[in-house]
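Engineer: Show me the folded form of this:
(chains A and B)
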Amino acid sequence: MTYVHYIEKTREYYRSQGYEKPYKWAHFDDAPFAPVSKLLAESRVALVSTGEVEVRNLELSEDKNQMGNVGGVYSIPSNTPEDSLFSASHSYDKHATTLEDINAFFPAARLHEAVESGRIAGLSERFIGVYNAYSQRRTVERDAPEVLRRLREDGADIAVMVPV
Amino acid sequence: MCHQTVSLVSRYLEENGIPTVLMAAARDIVEHCGVARMLHVDFPLGSPCGEPFQADQQREALELAFQLLETAGGPRTTVQAPFEWSEGEEWKELVFTEARPWKSGEDEQDWLRKKELYKSLKGEGKV
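Structural biologist: Below is the predicted model of the structure:
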């Protein structure tokens, strides 16, 4: 069976729920490409996620309600123990799967293993979280530059990027 | 939304010289936006890096993402992971249907509350 076409599916779904105006998904004709110039075994890897991953018993520095709407960037120390990480996101197929195993959408433990085995040189000091924004412009003009700034500060060579 | 946000950020990083690889489930949203490299894991939203509690498969998924970084020669390179969801493919037909509404109960209330909050913040000129 072919993969799910979410753009069509959500359009139909929201129309059936009474929303007339279809959401305009981001679309570009071209796509930028940065060549990989270093061996992975010599590269420091960053993990960037939109999965609303948090650390247990730790307050986020920004208002969570607001972040889910207007976007926002935050960091989690990459040496945070795996069992302290969780996501309270509602944006997944809760009928078909679960967010109980963080590594199914935020491969922290798998990345640490890759460092141990020498497949990659190391991880950046911080894992980066990005909240969704209703405004695509805010993501591009405010949040993306902040992610870049943190990646550069941490000396990241490449980024593994994961939604939920 | 998650897939779109991560795609937009990925594009910005690529423009600024940082190579990226996405591990993603909603292939159409990512390709509609256009990114450099995507490992497509054809699983329900929420499990783009392998099935929960299947560490071996998650390991393989990450390795495929690494290989994609090593081999992709240009933008819009998509590789599909050769995995099958352990409970079959029924979820694909059921997602976003009345039988399996995307949001209901508390989730729906939470979504509506956030939407209203956004409207009021916008009204106050705070966003």
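
Engineer: hmm, which helix or strand of chain A has the shakiest average pLDDT?
Structural biologist: The least trusted helix or strand in chain A, going by mean pLDDT, DSSP states H and E, turns out to be helix A:64-70, with a mean of 65.

Engineer: Partner strands of the helix or strand just after that helix, with direction?
Structural biologist: Counting by DSSP states H and E, the next helix or strand C-terminal to helix A:64-70 is strand A:71-77. Applying DSSP bridges to the sheet, strand A:71-77 is found paired with strand A:126-133 (antiparallel).

Engineer: tell me the mean pLDDT over the partner strand?
Structural biologist: What strand A:126-133 shows for mean pLDDT is 93.

Engineer: Tell me the buried residues in the helix or strand following that strand?
Structural biologist: Next along the chain after strand A:126-133, taking DSSP H and E as the criterion, comes helix A:136-138. Buried residues in helix A:136-138, defined by neighbour count with 16 or more other CB atoms under 10 Å in any protein chain shown: A:136, A:138. Where you see a C-beta, it was placed from the backbone N, CA and C, and this is true even at glycine.

Engineer: neighbouring contacts of helix A:136-138?
Structural biologist: With CB atoms under 8 Å, 6 or more residues apart in numbering or on different chains as the test, helix A:136-138 has contacts from A:26, A:70-71, B:4, B:8, B:127.

Engineer: what's next to stretch A:110-126, contact-wise?
Structural biologist: A:40-47, A:75-78, A:103, A:150-151, A:154-156, A:160, B:49, B:55, B:58-59, B:61-63, B:66.

Engineer: quick one, what contacts the residue of chain A found nearest chain B?
Structural biologist: As assessed by CB to the nearest CB, chain B sits closest to residue A:92 within chain A, at 2.9 Å. Taking CB under 8 Å, 6+ apart as the criterion, residue A:92 is in contact with A:99, A:105, A:164, B:44-47.

Engineer: May I have the predicted confidence score for the most centrally placed residue in chain A?
Structural biologist: In chain A, the centroid-proximal residue (CA atoms, centre = their mean) is residue A:49; its distance is 1.6 Å. Looking at residue A:49, its pLDDT stands at 97.

Engineer: Just give the nearest non-adjacent residue to it, would you?
Structural biologist: residue A:162 (4.8 Å; CB to CB, 6 or more residues apart in numbering or on different chains).

Engineer: My read is that that neighbour contacts residue B:3, right?
Structural biologist: No: taking contacts as CB atoms under 8 Å, residue A:162 lies outside contact range of residue B:3: 9.9 Å.

Engineer: could you say which helix or strand contains the residue of chain A most remote from its centre?
Structural biologist: Most distant residue from the mean C-alpha position of chain A: residue A:18, 30.0 Å away (CA atoms, centre = their mean). For residue A:18, there is no host helix or strand (DSSP H and E).

Engineer: shaky segments in the chain?
Structural biologist: No chain was given, so I picked chain A. A:60-68 (pLDDT under 70).

Engineer: Hmm, no, I was thinking of chain B.
Structural biologist: In chain B, residues with pLDDT under 70: B:102, B:126-127.

Engineer: Which residue does it have closest to chain A?
Structural biologist: For chain B, CB to the nearest CB, closest residue to chain A: residue B:46, 2.9 Å.

Engineer: Turn the contacts of helix A:136-138 into CSV, including distance to residue A:36 and neighbour count.
Structural biologist: Output for the contacts of helix A:136-138, formatted as CSV (distance: CB to CB, whole Å; neighbours: other CB atoms under 10 Å in any protein chain shown):
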residue, distance to residue A:36, neighbour count
A:26, 25, 17
A:70, 33, 24
A:71, 28, 25
B:4, 24, 24
B:8, 21, 24
B:127, 37, 18
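
Engineer: For the chain, just list every one of the strands.
Structural biologist: All of this refers to chain A. Taking DSSP state E to define them, one finds strands in chain A at A:44-49, A:53-55, A:71-77, A:85-87, A:122-123, A:126-133, A:158-162.

Engineer: um, chain B though
Structural biologist: With DSSP E as the criterion, chain B has strands spanning B:20-24, B:37-40, B:77-80.

Engineer: which one of those is the most hemmed in?
Structural biologist: Comparing these by mean neighbour count (mean count of other CB atoms under 10 Å in any protein chain shown), strand B:20-24 comes out on top with a mean of 27.

Engineer: And the helix of greatest length in chain B, what's buried?
Structural biologist: Longest helix in chain B by number of residues, with DSSP state H as the criterion: helix B:105-123. For helix B:105-123, a neighbour-count test (16+ other CB under 10 Å) marks B:114, B:117-118 as buried.
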